[in-house]
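# I'd like to go over a predicted model; first the sequence, then the structure.
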Amino acid sequence: MNKIAVGPQGVGCIDVRDTPTNNLKRLAQKKNCEVSDLTVIVLDRPRHEDIIREVRANGARLYLIGDGDVSAAIATALPNSGIDMLLGIGGAPEGVIAAAAMRCIKGDFQGVLVPRDEDDVKRCQKMGIPDIDR
């Protein structure tokens, strides 16, 4: 699942289908700060090389973690965490948990399924998800 999360100050400004650059710019504008004032948390995985490169190119700070993207999403909503945004691809079950948590704490979370192969697509359809691109 491709994921993006922000705390209450960023509600309504993110779009999981848009670039990190555009999401960072909108969040900075909404928080009335510069992109260089933002900190993005990302799982430290090879699949995130492009995200990491783009975040750095925009001047935002980067916090790489080994695991725990549910707690990372929640951190975006905690006032003293220093984390402004979560970006990256992670497990769908964790994405559902993070989305529920973010709803409870008035943050914003978006996720889009990213099937690895045709078997994943069929599994989603079998579970009642006819359009995985929604």
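Alright, I've got the coordinates. None of the values given here were measured: they were computed from a predicted structure.

# Just the residues contacting stretch 101-113, thanks.
With C-beta atoms under 8 Å, 6 or more residues apart in numbering as the test, stretch 101-113 has contacts from 1-8, 10-17, 70, 73-74, 76-77, 92, 95-96, 98-99, 124, 129, 132-134. C-betas here are computed from N, CA, C, even on glycine.

# Could you rerun that using 6 Å?
With contacts defined as C-beta atoms under 6 Å, 6 or more residues apart in numbering, stretch 101-113 is touched by 1-8, 11, 14, 16, 73-74, 77, 95, 98-99, 132.

# what's the distance between it and the middle of its chain?
Its chain's C-alpha centre and that of stretch 101-113 lie 9 Å apart, by C-alpha atoms, centre = their mean, to the nearest Å.

# shift numbering so it begins at 379
Right, with 379 as the first residue, what we last looked at is stretch 479-491.

# and the end-to-end length of that stretch?
Chord length of stretch 479-491, first to last residue, is 18 Å (C-alpha to C-alpha, to the nearest Å).

# again, but for stretch 379-390
Using C-alpha to C-alpha, one end of stretch 379-390 lies 20 Å from the other.

# how about it: buried residues?
Buried residues in stretch 379-390, counting neighbours by 16 or more other C-beta atoms under 10 Å, are found at Met379, Asn380, Lys381, Ile382, Ala383, Val384, Gly385, Gln387, Gly388.
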